[in-house]
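Asks: Here's my sequence, what's the structure:
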Amino acid sequence: MDDYFEHLHTVGFEETNIVGNVYYVNYLRWQGRCREMFLKERAPDVLAELQDDLKLFTLKVDCEFYVEITAFHELSIRMRLLELGQTQLEFGFDYVRLDPGGIETLVARGRQRVACMRGPNTRTVPTRVPESLVRALQPYLPAARVEAGSLA
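Replies: Purely as a prediction, here's the structure:
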């Protein structure tokens, strides 16, 4: 079993700039989309909690670019769990171009730190990572750092 969750994406013209390269903000959008698809496929209970009062706040994102990509490149966005804390998570993202012949090229690498919060928008407070999300992340724990007591 892979130690990452994979979301496949084909780059479209609308994601490129005037010279034909992918505009940087799309890499951040793809991080969010990959995280959403993970929740949909692996943690649907969390989606129900998001309809209630759970909030997943993105605290920090970054992305380093190695190789330019353009429209119609096929990508694998691979999300890894880097850290599991009591109230926060950190994910890593590898952006891999999938070329004919099974050739894979790492084109970028990013990170995203997320805090779990509950309550009305005016008074949100940190909350533990939901148990259903912890269960969904179990296959990805070997590569992650886990805070003491976070799974208790």
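Asks: mind listing what's buried in stretch 114-125?
Replies: Under the neighbour-count criterion of 16 or more other C-beta atoms under 10 Å, stretch 114-125 has 114-118, 124 buried. Bear in mind the C-beta positions are built from the backbone N, C-alpha and C, glycine included.
Asks: ok, the longest strand seen in the chain: who's next to it in the sheet?
Replies: Secondary structure of the chain per DSSP state E: the longest strand is strand 103-118. Applying DSSP bridges, strand 103-118 is found paired with strand 54-65 (antiparallel), strand 88-99 (antiparallel), strand 125-126 (antiparallel).
Asks: how far out from the middle of the chain is the shortest one?
Replies: In this view, strand 125-126 has its centroid 21 Å away from the chain centroid, taken as C-alpha atoms, centre = their mean, to the nearest Å.
Asks: Let me know the next secondary structure element after it.
Replies: helix 131-137 (DSSP states H and E).
Asks: sorry, back to before: of the strands paired with strand 103-118, flag the one that's most buried.
Replies: Of all the strands paired with strand 103-118, strand 88-99 carries the top mean neighbour count, a mean of 20, counting by mean count of other C-beta atoms under 10 Å.
Asks: what stretches of the protein score poorly on pLDDT?
Replies: Applying pLDDT under 70 to the chain picks out residues 1, 142-152.
Asks: Show me the residue at the heart of the chain, geometrically.
Replies: R35 (3.9 Å; C-alpha atoms, centre = their mean).
Asks: I'd guessed that one sits against R113; true?
Replies: No - under the criterion of C-beta atoms under 8 Å, R35 is not in contact with R113, lying 11.8 Å apart.
Asks: V25: which of the strands paired with strand 103-118 is closest?
Replies: Smallest distance to V25 across the strands paired with strand 103-118 (C-beta to C-beta): 9.5 Å, for strand 54-65.
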